[in-house]
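> sequence plus predicted model, see below.
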Amino acid sequence: MVPLPYRISRRRALQGSAALLLVFGVLVWWLMSMRPSSPSGSIIFSTGVKNGVYQRYGVLLKEDLARGMPNVSIRLRTSEGSQENITRVATGDADFTVATADAVAKYIQDGRPGADRLRGCARLYDDYVQLITPKTSGIRSTADLKGKRVGVGQERSGVRLIADRILTAAGIDPQTGITPVPAGIDTVPGLLERDELDAFFWSGGLPTEAIRQLSERFAVRLVPLDAALITALHSSDETALRYYRSAEMPADAYPAAQEGTAVPTFAVANLLITTDETGAALTEGFTRRVIDSRDGIGKQVHPAQLVDLRTAIYTDPLPLHEGAKHYYRSVKP
C-alpha cells in the first residue's frame with residue numbers, strides 16, 4: 001500500500017499542474033483575443049479609364065491584396081476618373097479608390113452627397129498635367145489652343161476638371177473657345193494620330209504607358225505649362241486650386257518626345273480614400289498592403305515607386321481614417 005503522505009503529495013502535484021494548465025489556457029485565449037483578426041469580406045475598388053495609371057495600378061494592387069489579405073474578396077470597377085471615383089465612394093457604390101486632391105477638395109467644397117464621410121488612407125504619388133500635340137503642330141502654349149480640337153477628358157474625370165481650369169486661366173472659354181472632345185487616355189492617342197485632334201490634355205503619373213507608346217510610334221511634343229498659369233490658378237477664390245504646384249516633367253519621362261529637355265508643368269497629389277463606415281481592421285490592412293506593395297508594383301507602374309511612408313500620412317483635405325492611423329502608429333520608428 002502507498003503511504004498516505006505520498007498520496008497526498010501526488011494529489012497536490014496533480015492539482016497544481018491542472019491549475020497551471022488552466023491559467024496557461026486562459027492566458028493563451030486572452031492573448032489570442034487581443035490579436036487583430038485578419039480582415040475579411042468583400043470590397044469594391046474603383047480604378048480609372050482603360051490604359052490609365054489608376055486602372056493598371058488597381059489590377060496589380062488586386063493581385064497583391066489577394067496574397068496579403070486572402071480573406072477579402074476584391075472587385076475592380078473601371079471609371080472615368082477622379083470625379084466619378086469620389087462620387088462612388090462617398091455614396092457607397094465603392095469602398096476604396098484613388099483620386100486627386102483637387103477633385104476631392106472640390107467635392108467637399110460643393111457639399112456633394114456623402115462628402116463629410118470621406119476619409120484618407122494615404123497620399124500616394126503625384127499626377128503631372130500633360131498637354132500633348134503633334135510635333136509638327138504650331139501649338140507652343142495653351143493660348144495656341146484657341147479654335148483647336150482638344151481632348152479634354154471624360155466628363156467625370158479629373159482631367160476634365162484640370163483642362164477646364166487651365167483653359168480658363170489662359171483666357172479661353174472651355175466650351176466655346178475650343179472644340180472640346182470628351183475622350184479619355186484609352187482613345188485620345190489614336191485620335192491624335194488620325195488627325196482627329198490637334199492636342200489633348202492628360203493628368204497622370206510619369207510615365208503614363210499610353211503616352212510613352214504614342215511617343216515611340218508618332219512624333220509628339222509636350223507643350224510647356226508655365227508658372228504664369230499656376231499664378232493665374234492660385235489667384236482664384238476656389239480653394240481646390242491651392243493643391244496645384246509648379247513641377248517639371250524630367251527629361252527621361254518620355255525620351256522620344258522630350259529629346260533630353262525637362263518640361264515645366266504642374267502637379268497634384270493622388271490620395272487613397274474611403275469613408276468612415278469602412279471598418280478599422282480592413283482599412284488598416286488595405287493601407288498596409290498599399291504601402292508594402294510599392295516596390296513590387298513600381299516595377300510595372302513606375303509612379304507607385306514614389307509612394308513614401310514619410311509623406312503618406314498627409315491626406316489633406318481629408319482627415320485620416322482611424323484604421324490608417326493604427327497602421328502608421330504601428331510602423332512609426
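That came in fine, so what should we check first?

> pull out the buried positions in the helix or strand harbouring Leu61.
Using DSSP states H and E, Leu61 sits in helix 53-68. Neighbour counts over helix 53-68 (16 or more other Cβ atoms under 10 Å) mark Val53, Tyr54, Gln55, Arg56, Tyr57, Gly58, Leu60, Leu61, Asp64, Leu65, Gly68 as buried. To be clear about C-beta, it is placed using only N, CA and C from the backbone, and glycine gets the same treatment.

> now those as TSV including pLDDT and distance to Asp173?
Below are those laid out as TSV (pLDDT from 0 to 100; distance: Cβ to Cβ, whole Å):
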residue	pLDDT	distance to Asp173
Val53	88	29
Tyr54	90	29
Gln55	92	31
Arg56	90	34
Tyr57	90	34
Gly58	92	35
Leu60	92	40
Leu61	91	39
Asp64	91	44
Leu65	88	44
Gly68	89	48
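
> where do the helices sit along the stretch 101-250 of the chain?
Counting by DSSP state H, counting those that start in this stretch, the stretch 101-250 of the chain has helices at residues 101-109, 158-169, 188-193, 209-217, 227-234.

> beta partners of the residue nearest in space to the middle of the chain?
Per Cα atoms, centre = their mean, the C-alpha nearest to the average position across the chain is that of Val98, at 3.2 Å. With DSSP bridges as the criterion, Val98 is bridged to Leu272.

> does it touch Tyr54 like I think?
Yes. Under the criterion of Cβ atoms under 8 Å, Val98 makes contact with Tyr54 at 5.4 Å.

> anything in contact with each of these two?
Common contacts of Val98 and Tyr54 (Cβ atoms under 8 Å, 6 or more residues apart in numbering): Thr47, Gly48, Asn85.

> which one of the residues you listed sits closest to Gly138?
Checking the shared contacts of Val98 and Tyr54 against Gly138 by Cβ to Cβ gives Gly48 as the nearest, at 31.7 Å.

> just checking, Gly282 touches Pro39?
That one is not Gly; residue 282 is Leu. Yes. Assessed by Cβ under 8 Å, Leu282 is found in contact with Pro39 at 4.3 Å.

> what sits in contact with each of these two?
Val72.

> restricted to strands, list the shared contacts of Val98 and Tyr54.
Among the shared contacts of Val98 and Tyr54, no member falls in strands (DSSP state E).

> between those, which is closest to His326?
His326 lies nearest to Asn85 out of the shared contacts of Val98 and Tyr54, by Cβ to Cβ, at 24.2 Å.

> need the contact list for the nearest residue to the closest one once chain neighbours are set aside.
Take Asn85 and drop its neighbours on the chain: the residue closest to it by Cβ to Cβ, 6 or more residues apart in numbering is Thr97, 4.0 Å away. By Cβ under 8 Å, 6+ apart, the contact list for Thr97 reads Phe45, Ser46, Thr47, Ser79, Asn85, Ile86, Arg88, Val89, Leu272, Ile273, Thr274.

> may I have stretch 155-167 exported as CSV, CA atoms only?
Extracted in CSV, the C-alpha atoms of stretch 155-167 (Å, rounded to 0.1, in the frame of the first residue of the first chain):
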residue,chain,number,x,y,z
GLU,A,155,-17.0,64.3,-68.1
ARG,A,156,-16.4,62.8,-64.7
SER,A,157,-12.6,62.6,-64.9
GLY,A,158,-10.0,64.7,-63.0
VAL,A,159,-8.6,65.5,-66.4
ARG,A,160,-11.7,67.4,-67.4
LEU,A,161,-11.6,69.4,-64.2
ILE,A,162,-8.0,70.4,-64.8
ALA,A,163,-8.4,71.1,-68.5
ASP,A,164,-11.3,73.4,-68.0
ARG,A,165,-9.3,75.3,-65.3
ILE,A,166,-6.2,75.6,-67.5
LEU,A,167,-8.1,76.9,-70.5
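
> mind listing the strands for the stretch 201-333 of the chain?
For the stretch 201-333 of the chain, strands defined by DSSP state E, counting those that start in this stretch occupy the ranges 220-222, 245-249, 263-275.

> out of those strands, nearest to Ala170?
Nearest to Ala170, of the strands of the stretch 201-333 of the chain and by Cβ to Cβ, is strand 263-275 at 13.2 Å.

> packing partners of the closest one?
Using 3 or more Cβ pairs under 8 Å, 6 or more residues apart in numbering; DSSP states H and E, the elements in contact with strand 263-275 are helix 82-90, strand 96-100, helix 101-109, strand 118-134, helix 227-234, strand 245-249, helix 280-292.

> could you rerun that using 7 Å?
Strand 263-275 is packed against helix 82-90, strand 96-100, helix 101-109, strand 118-134, strand 245-249, with contacts defined by 3 or more Cβ pairs under 7 Å, 6 or more residues apart in numbering; DSSP states H and E.

> for it, which residues meet the burial criterion?
For strand 263-275, the buried set under the neighbour-count rule, 16+ other Cβ under 10 Å, comprises Val263, Thr265, Phe266, Ala267, Val268, Ala269, Asn270, Leu271, Leu272, Ile273, Thr274, Thr275.
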